[in-house]
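Here is a sequence together with a model predicted from it:
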Amino acid sequence: MTPRSARLILLLDLIGTFVFAIEGAAIAMAARLDVFGVMVISFATALGGGIVRDVLIAAAPPQALRDWRYPVVAFAAGLLAFGFYSALRQVPEYVLIALDAGGLALFAVAGAEKSLSLGMNGLASVLMGGVTGVGGGVIRDVLLNTVPAILRTDIYATAALAGAAILVASQKAGLSPRWAAALGGASCFSLRLTAVWLHWNLPQAA
Amino acid sequence: MTPRSARLILLLDLIGTFVFAIEGAAIAMAARLDVFGVMVISFATALGGGIVRDVLIAAAPPQALRDWRYPVVAFAAGLLAFGFYSALRQVPEYVLIALDAGGLALFAVAGAEKSLSLGMNGLASVLMGGVTGVGGGVIRDVLLNTVPAILRTDIYATAALAGAAILVASQKAGLSPRWAAALGGASCFSLRLTAVWLHWNLPQAA
Amino acid sequence: MTPRSARLILLLDLIGTFVFAIEGAAIAMAARLDVFGVMVISFATALGGGIVRDVLIAAAPPQALRDWRYPVVAFAAGLLAFGFYSALRQVPEYVLIALDAGGLALFAVAGAEKSLSLGMNGLASVLMGGVTGVGGGVIRDVLLNTVPAILRTDIYATAALAGAAILVASQKAGLSPRWAAALGGASCFSLRLTAVWLHWNLPQAA
């Protein structure tokens, strides 16, 4: 991995971590967990996907445990959400959906870029983009004993996989990692928002 | 690991992957998931056990991510099941049970053989046979928010462990890997089917 | 890791394994699982936390799979609990709570000590102490399809993290590993028991 690629992944990761930790905290508080449970769910939502990815691509110990900034950002965001819960509940839903789509896009491209740069093949890198984007939410939902939202929410994980696929394909086609990440992230973000806006659904079996 | 051992594991793995992906897809469609959710559950059911095994025996990145044939077989089987759902529902239950027992036997022996060949001890190799055989189904059931079937279905995981134990014991006794795998797999398969046929149960605490 | 440190971790681990396996078995039998399900839940409760820790700190294959004494202790404890279930149900609750607090303390300090000795940073080592202490119970609860008790039981995981933090801080302050472990373990144990005794709660969001 080049230093530039590493810096790019770090920045995307920390912003995504903050957004997803806030979101995890909000869901944990709605489930009436105490402050410790809220911290656990913030951590799991924000860092679970990247931790699973790092274990799978043989990059253990995961970056989230090597670099103290990851847990600190997650816990700080969780505490912030805990302290300002009533303010958080005033935030309009479309803002939350846009922030979440932003976090999803950041994680999907960070995950795909890291996997590619560590030598995983294209298909595996796309899957790792998806795992990074939605893995934390899946762990959160399993811990809260609900069927993971991604199995029911249309075009969520699909957007993460599409963004990761566009990143991988553009890099294979010669685009620089930075531009490929921008293109993949923008695609994921706009696909997710368009799907929410137009109520797109995926088909079920007949 | 010898090349012959690697080829043996690959073949067993891909056939087991196909069978388990079909089965995962059927369960996901019965749970009314959309096509994306069906793909996720197919992948998890078919490849989850082997992925967990590879992480545990320090063979990360898992074979399912190194070799594109694994995800391609899983997704193809999932799509096939999705496209032919009404045909799939006509298949008699005893055929499904036999196919499932076959997949279980293939995965149990592939998992035990791989663990042994990477230097794990006998007990750990038996456990890894069990994890490979039932791990994907456990992940699927956790994702679908049900108590894993293996904790309730008598003589299912037990059959996987028995088959793996027979493979390990026969290799230690001097049998070739190929014959040990055949013996372990046949034992797992026939134990599972006999248990279904005779309604064998394991005891509960008094 | 020094040999002395390794022996210390082994001893703490095996005692904790025995206690947690008994506890897992009791919960599995109360959930009416058969003898196989009881064994799985004993194993997961006792060894799940350490296995996840070892994967995360890049110590795979986990000690619980390298050293046959771990699964043997877990299965023996599970079988013992299965065989003497009616006797087990006569044990007064305060004894079970004290044993559980002891197991928690042992695992928390073993996990933090191992992470530190393998070069993880202080924050990560504290988190790994927490994972070792409560990870097995979380896996058990997820398998039994309930919200993990630690997300609802006040001052349980918190006690594990506090004990691990005290171990890490005392080692950084120059205390020997053995004394740091004793201090951390005693803190975790007494904090947990005091919290149960005084019905301490953590706050929820307003």
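Happy to help now that I have it. Residues are numbered from 1 along each chain as shown, chains lettered A, B, ... in the order given.

What's the local residue count around residue A:87?
10 (other CB atoms under 10 Å in any protein chain shown). The way it works is simple: take the backbone N, C-alpha and C, and place the C-beta from them, glycine included.

Apologies, that question was intended for residue A:30.
12.

How about the one 5 residues further on?
Around residue A:35 there are 19 other residues, counting by other CB under 10 Å.

I figured it hits residue A:82, correct?
Yes: when contacts are counted by CB atoms under 8 Å, residue A:35 is listed as touching residue A:82 (5.8 Å).

The helix or strand harbouring residue A:29 vs chain C: in contact?
Element membership of residue A:29 [criterion: DSSP states H and E] is helix A:3-30. Yes: using CB under 8 Å from any CB of the partner chain, we find that helix A:3-30 touches chain C at residue A:29.

Also stretch A:74-83?
Yes: interface with chain C: stretch A:74-83 contributes residue A:82 (CB under 8 Å from any CB).

mean confidence for that stretch?
Mean pLDDT, stretch A:74-83: 95.

for stretch A:190-199, same thing?
90.

Now do it: distance to the chain's middle.
17 Å (CA atoms, centre = their mean, to the nearest Å).

Show me which residues of that stretch are buried.
Neighbour counts over stretch A:190-199 (16 or more other CB atoms under 10 Å in any protein chain shown) mark A:191, A:192, A:193, A:195, A:196 as buried.

Report the contact partners of the first one.
Under the criterion of CB atoms under 8 Å, 6 or more residues apart in numbering or on different chains, the neighbours of residue A:191 are A:155, A:158, A:159, A:162, A:163.

Contact residues of chain A facing chain B?
So chain A meets chain B at A:55-58, A:60, A:120-121, A:123-124, A:127-128, A:138, A:142, A:145-148, A:150-152, A:154, A:157-158, A:201-206 (CB under 8 Å from any CB).

List the ones among the residues you listed that fall in helices.
In helices, defined here by DSSP state H, the members of the residues of chain A next to chain B are A:55, A:56, A:123, A:124, A:127, A:128, A:138, A:142, A:157, A:158.

shared neighbours of residue A:35 and residue A:82, anything?
Joint contacts of residue A:35 and residue A:82 (CB under 8 Å, 6+ apart) are residue C:205.

Return the per-residue confidence for the most centrally placed residue in chain A.
Nearest residue to the geometric centre of chain A (CA atoms, centre = their mean): residue A:133, 3.2 Å. Note on residue A:133: pLDDT of 95.

Report the contact partners of the nearest residue to residue A:200 once chain neighbours are set aside.
Of all residues not flanking residue A:200 in the chain, residue A:155 sits nearest, at 5.4 Å (CB to CB, 6 or more residues apart in numbering or on different chains). Going by CB under 8 Å, 6+ apart, residue A:155 touches A:191, A:192, A:195, A:200, A:201, A:202.

Make JSON lines from the residues you listed and add distance to residue C:169 to it.
Listed next are the contacts of residue A:155 as JSON lines, based on distance: CB to CB, whole Å:
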{"residue": "A:191", "distance to residue C:169": "47"}
{"residue": "A:192", "distance to residue C:169": "43"}
{"residue": "A:195", "distance to residue C:169": "48"}
{"residue": "A:200", "distance to residue C:169": "52"}
{"residue": "A:201", "distance to residue C:169": "53"}
{"residue": "A:202", "distance to residue C:169": "51"}
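
out of those, which one sits closest to residue A:169?
Among the contacts of residue A:155, residue A:191 lies closest to residue A:169 (CB to CB), at 14.8 Å.

For that closest one, give its distance to residue B:146.
31 Å (CB to CB, to the nearest Å).

Same check on residue A:27?
Counting by CB to CB, the gap from residue A:27 to residue B:146 is 22 Å.

Looking at these two, which is more packed in?
More crowded of residue A:27 and residue B:146, by other CB under 10 Å: residue A:27, with 20 against 14.

who are the neighbours in contact with that one?
By CB under 8 Å, 6+ apart, the neighbours of residue A:27 are A:41, A:45, A:140, A:144.

residues near residue A:175, how many?
17.

need the contact list for it.
Per CB under 8 Å, 6+ apart, neighbours of residue A:175: residue A:183.

Pull up the residues of chain A that are close to chain C.
Within chain A, the positions near chain C by CB under 8 Å from any CB are A:29, A:32-38, A:40-41, A:51, A:55, A:60-62, A:65-66, A:68, A:71-72, A:82, A:85-86, A:142-145.

Which pLDDT value belongs to residue A:138?
93.

got the buried residues for the host helix or strand of residue A:102?
Here residue A:102, judged by DSSP H and E, is contained in helix A:93-117. Of the residues in helix A:93-117, those buried by neighbour count under the rule 16+ other CB under 10 Å are A:99-117.
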